[in-house]
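> Sequence plus the predicted model coming up.
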Amino acid sequence: MPTSNHISNPLKAFNPIKALKLAYMGYLILAFIIGLAVLVFVALLGHSSANVAGFFNIFGQIIADDYIRHITYFSFLQAGLSTFVAILIAIPVARFLYRRQFWGKSYLLKLFILAFIMPTMVSVFGIIAVHGRQGIFNDFYSLFGFERVTYLYGLTGILLAHIFINMPFSARIFLSELDNIPAEYWRLSKQLGLSEWQIFKQIEWPIMRLSLPSLASLLFILHFTSFATVLTLGGGPSATTLEVAIYQSLKFDFDLAKGASLAILQLSFCLLFSLFLHRFSTQINLLHSIGLGNARPKPHGKTSYIADTLVIFIIIIALILPLSSVFYNALAQTDFSVFGRVILWRAVNNSLILSLCAAGFATFLALSLLLSKRALADHKISNIGYHLFSSVGNVILIVPSLVFGMGLFLLLRPYFNIFEYGLHIILVINALMALPYMLKTLSPAIENMAKQHSKLSRALGISRLDRWRIIDWPTLRKPLAHSVALAATISFGDFGVIALFGNDQTITLPMLLYQSIGDYRSADGAVIACILVILAFGLYTLIDRIIGGRHAKA
Amino acid sequence: MLKLKTAKAKIGDFEFHFNVSFAANQIHAIVGKSGEGKSTLLNFIAGFEPLNNGTISWDEQVISGQDPHQRPITSLFQEHNLFAHLTVFKNIALGLNPGLKLTKAQLNLVEMSIDNVGLRGKANRLPKQLSGGEAQRVALARALARARDELNPRPILLLDEPFSALDPETRLDMRNLIADIAKKYRLTVLIVSHNPTEMLAFADSVSLVVNGQILQQHNILDGKLPPKLDEFINI
């Protein structure tokens, strides 16, 4: 039986020709992404003030340069604090969501997701609407005759926005761990008579702790490279991070050498962090937490009553208030002149096309990589490419989008008018940004499919095309729908590289919102923020329904 | 004697009605097809499911109004009996005091129970370092320690399919261990099983649960039922 020989005998020796033949698309994409990252690195290194030989000079410069030292310190400070506080609050919030059953809980959980995928500029706008000088809190103070106070800009504002964006996300991660507690534990806790504190200590905390390392390192990277939030709410040179400093050195100082040095520095830190992240990487299943703590003993006693009341207050202030103020501010407007401006419709148009193209490109990348990986797995070939296929998505975590943009700018500047092709560059970067999420969502589905159907398909002699049509597509369409929708939404709401390359022709909605916040045109801002949210979620729902079929869950 | 007197409850559309007693210091097998209410019977006794009507009593004392942790009962589940982050010792100690504050006598009792189930030297292991059979032995040691706790003896042991996750050889060991310990320390054991023949060699009585009720209850002598009743057990 010559044909079945290579199935029963796993190929131990490296067989490059066979591997290339099976997975050429995957290898091409691998070469594209890694090549791009290397080119970016080389371009940055070439322009940085350190010469190529003295790469480590850059680290010498941090110690020498007061400014760089300060922003490095501040980058770490705000990222560490944001991560710590977001997780600290998420713990009691997740417990509350798990142990209390109440009307509207499923909607509240949807709001938690909404806060996470909301365009960052809108979140920032919501935070300003609550905490700004003309915000809800100041309105409240002034009712009692107090002076309006400014407390938002600087570290406080950055923390508030980061908590708003990532606390709900963390709470849902914890909640999905809590949902995994076996019912036997709750019976055991009833029989042994564990108190609320003992339940937390012996049952809930040990299981929440499992996702802590991967969650904390992911949040730290997100906060460390956070751009839109720090740019808008930092409010001055004292509260600037590396990511924002890269932007400023290019946009305002036009100091390419400094920008490139900062980018190299940022890249080095991210490389370091992602090594940690890789070590802790576990599956993060965001949408499967429902908080079904029915088997858990009902919380009793004053302490849990007070704790949960506090949690409700925190949810209202940190989450519901900023979210609802986005809609409230738009509805309370009397000035809708922004609808008459050409630039609004151009931004809507640019954003929609950009996000759809980026999502399409990301889907192409993700599917090619994972199907190539599966093709190798089917034939029991495991080489370097095999492992890289699913982890190459992390490149964008190592090379943050702004660093990537900076590098591409330096790389392409001699050949193109970069500002004309801004949207094309952003398309590629946005697709790369969505890639880790897509790979994470799709790879378990595809790997499961491989395990279940691979041998059967080969035994029945089903061709690749038929296998895709008959077997893969029906099982894959739900997770695919979800991840394509997520990719489009991320791209639609992203405000990063566009800040570098954007102009009046290539403007996107988040950029327009940033401009109107910067120009204190709050009426326009309110309307744009609202349009941005409605379109982002419209886009998400529509893609999810179209690809996922009629019964897909939003 | 453990006694259920017109104990009634309704869960969803399913009605339960138990009128039955179980002699003390004996092993009682509860058999029946799945979905007939065997496990629910144990849940009523342990207090995990409330009754709508009737009483459950132990030694003439009504326990059905008590919270689960006040009842003289220890349950042993098919799996997940141990907390993964606690050592064998602490997992057992938790059964004597939920805050892990043990008296001298209780500390000795934990040590003895570990010896009794044949896990001497493994007190400081974590559950993930144990085999499936060993994990069940730790749970049994906890039940034994609770039964012999002088401050608060809990002599009733409820076992819900405790062997189904184990391989045949380990099942047999575990079964013999439970029988030995139950006789030696005078425990009252109720054991739910879907394998009636396995129970014959082991239990003092067997009760058949059908549609939320005890349909028949018989004593087992010399590992045999009265001949004409053999068929009911061949389910």
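Yep, that arrived. Numbering: from 1, shown residues only, chains lettered A, B, ... in the order given.
> what's the nearest residue to A:Gly549 if we skip its chain neighbours?
Using C-beta to C-beta, 6 or more residues apart in numbering or on different chains and skipping residues adjacent in sequence, the residue nearest A:Gly549 is A:Arg477, 6.2 Å away. All C-beta spots, glycine's among them, are computed from the backbone N, C-alpha and C.
> distance of the most centrally placed residue in chain B from chain A?
For chain B, B:Leu158 is the residue whose C-alpha lies nearest the centre (C-alpha atoms, centre = their mean; 1.8 Å). Plainly put, B:Leu158 is 9 Å away from chain A if you go by C-beta to the nearest C-beta, to the nearest Å.
> Equivalent analysis for B:Gln136, please.
B:Gln136 is 12 Å from chain A, by C-beta to the nearest C-beta.
> Run through the neighbouring helices and strands of the helix or strand harbouring that residue.
If you go by DSSP states H and E, B:Gln136 is part of helix B:132-147. The contact analysis (3 or more C-beta pairs under 8 Å, 6 or more residues apart in numbering or on different chains; DSSP states H and E) places helix B:132-147 against strand B:73-76, helix B:88-93, helix B:104-116, helix B:168-184.
> and the longest one, which residues are buried?
Counting neighbours by 16 or more other C-beta atoms under 10 Å in any protein chain shown, one finds that the buried residues in helix B:168-184 are B:Thr170, B:Arg171, B:Met174, B:Arg175, B:Leu177, B:Ile178, B:Ile181, B:Ala182.
> in terms of contact, does the fourth one touch B:Glu198 like I think?
Okay, so that is B:Arg175. Yes: with contacts counted by C-beta atoms under 8 Å, B:Arg175 reaches B:Glu198, the gap being 7.3 Å.
> which regions of the chain sit below the pLDDT cut-off?
The chain I'm using is chain A. Across chain A, the ranges flagged by pLDDT under 70 are A:1-15, A:49-63, A:278-289, A:382-385, A:450, A:452, A:454, A:550-554.
> Correction: the question concerned chain B.
Scanning chain B for pLDDT under 70 picks out B:223, B:226-235.
> What parts of it come near chain A?
Chain B has residues B:46-48, B:67-71, B:73-75, B:77-81, B:83-86, B:94-95, B:98-99 near chain A, with proximity defined as C-beta under 8 Å from any C-beta of the partner chain.
> let's see 10 Å
Within chain B, the residues that sit near chain A (C-beta under 10 Å from any C-beta of the partner chain) are B:43, B:46-48, B:67-71, B:73-86, B:90-91, B:94-100, B:139, B:142, B:146, B:154, B:158, B:160.
> List buried residues within these.
The neighbour-count test (16+ other C-beta under 10 Å) applied to the residues of chain B next to chain A identifies B:43, B:46-48, B:68-69, B:71, B:73-83, B:85-86, B:90-91, B:94-98, B:139, B:142, B:146, B:154, B:158, B:160 as buried.
> Against chain B, how distant is A:Phe220?
A:Phe220 is 25 Å from chain B, by C-beta to the nearest C-beta.
> Checking that residue next. Helix, strand or coil?
Going by DSSP: H, G, I helix; E, B strand; the rest coil, the secondary structure assigned to A:Phe220 is helix.
> same check, this time on B:Lys8
strand.
> Spit out the contact partners of it.
B:Lys8 sits next to B:Glu15, B:Phe16, B:His17, B:Phe18, B:Asn19, B:Phe44, B:Leu51, B:Asn52, B:Asn53, B:Gly54, B:Gly212 when contact means C-beta atoms under 10 Å, 6 or more residues apart in numbering or on different chains.
> which non-adjacent residue is nearest the fifth one?
Yep, that's B:Asn19 we're talking about. B:Thr6 (5.9 Å).
> what's around that neighbour, how many residues?
Residues within reach of B:Thr6, counting by other C-beta atoms under 10 Å in any protein chain shown, total 11.
> hang on, it packs against B:His17?
Yes: using C-beta atoms under 10 Å, B:Thr6 makes contact with B:His17 at a distance of 7.2 Å.
> Touching both of the two, which residues are there?
Here B:Thr6 and B:His17 have B:Asn53, B:Gly54 as joint contacts, going by C-beta under 10 Å, 6+ apart.
> helix or strand right after the helix or strand in which A:Ile113 is found?
Here A:Ile113, judged by DSSP H and E, is contained in helix A:105-117. Once helix A:105-117 ends, the next helix or strand along the chain (criterion: DSSP H and E) is helix A:120-131.
> got the angle for that following helix vs helix A:105-117?
On the basis of axes from the mean of the first three to the mean of the last three C-alpha atoms, to 10 degrees, helix A:120-131 is oriented at 110 degrees to helix A:105-117.
> Helices of the stretch 251-400 of chain A, start to end?
A:256-280, A:302-315, A:321-331, A:342-378, A:384-391, A:395-398 (DSSP state H, counting those that start in this stretch).
> Just put those in a markdown table and tack on distance to chain B and mean neighbour count.
Output for these, formatted as a markdown table (distance: least, C-beta to the nearest C-beta, whole Å; neighbours: other C-beta atoms under 10 Å in any protein chain shown):
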| stretch | distance to chain B | mean neighbour count |
| --- | --- | --- |
| helix A:256-280 | 18 | 20 |
| helix A:302-315 | 15 | 14 |
| helix A:321-331 | 37 | 19 |
| helix A:342-378 | 28 | 20 |
| helix A:384-391 | 26 | 17 |
| helix A:395-398 | 30 | 21 |
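> mind checking which of the ones you listed is nearest A:Phe116?
Taking C-beta to C-beta, helix A:321-331 is the member of those nearest to A:Phe116, at 11.7 Å.
> Just confirm B:Thr103 contacts B:Asn97, I think it does.
Yes: counting by C-beta under 10 Å, B:Asn97 is a contact partner of B:Thr103 at 8.5 Å.
> Touching both of the two, which residues are there?
Common neighbours of B:Thr103 and B:Asn97 (C-beta under 10 Å, 6+ apart) are B:Asp149, B:Leu151.
> Wasn't the residue nearest to the centre of chain B part of a strand?
Yes: assessed by three-state DSSP, B:Leu158 belongs to a strand.
> Distance of it relative to B:Ile30?
Distance of B:Leu158 to B:Ile30, given as C-beta to C-beta, to the nearest Å: 9 Å.
> Give me the distance from the helix holding A:Ile113 to the chain's centre.
With C-alpha atoms, centre = their mean, to the nearest Å as the basis, helix A:105-117 stands 16 Å off its chain's centre.
> before we move on, what about stretch B:15-30?
The chain centroid and the centroid of stretch B:15-30 are separated by 12 Å under C-alpha atoms, centre = their mean.
> Touching, the residue nearest to the centre of chain B and B:Thr40? I think so.
No: here B:Leu158 lies out of contact with B:Thr40, judged by C-beta under 10 Å, at a distance of 12.0 Å.
> Spit out the residues that contact those two alike.
Contacts common to B:Leu158 and B:Thr40, judged by C-beta under 10 Å, 6+ apart, are B:Phe48, B:Val192.
> what sits against residue 141?
Just going to use chain A. A:Glu147, A:Arg148, A:Val149.
> Chain B was what I was after
When contacts are counted by C-beta under 10 Å, 6+ apart, B:Ala141 touches B:88-89, B:91-92, B:95, B:109-119, B:123, B:181.
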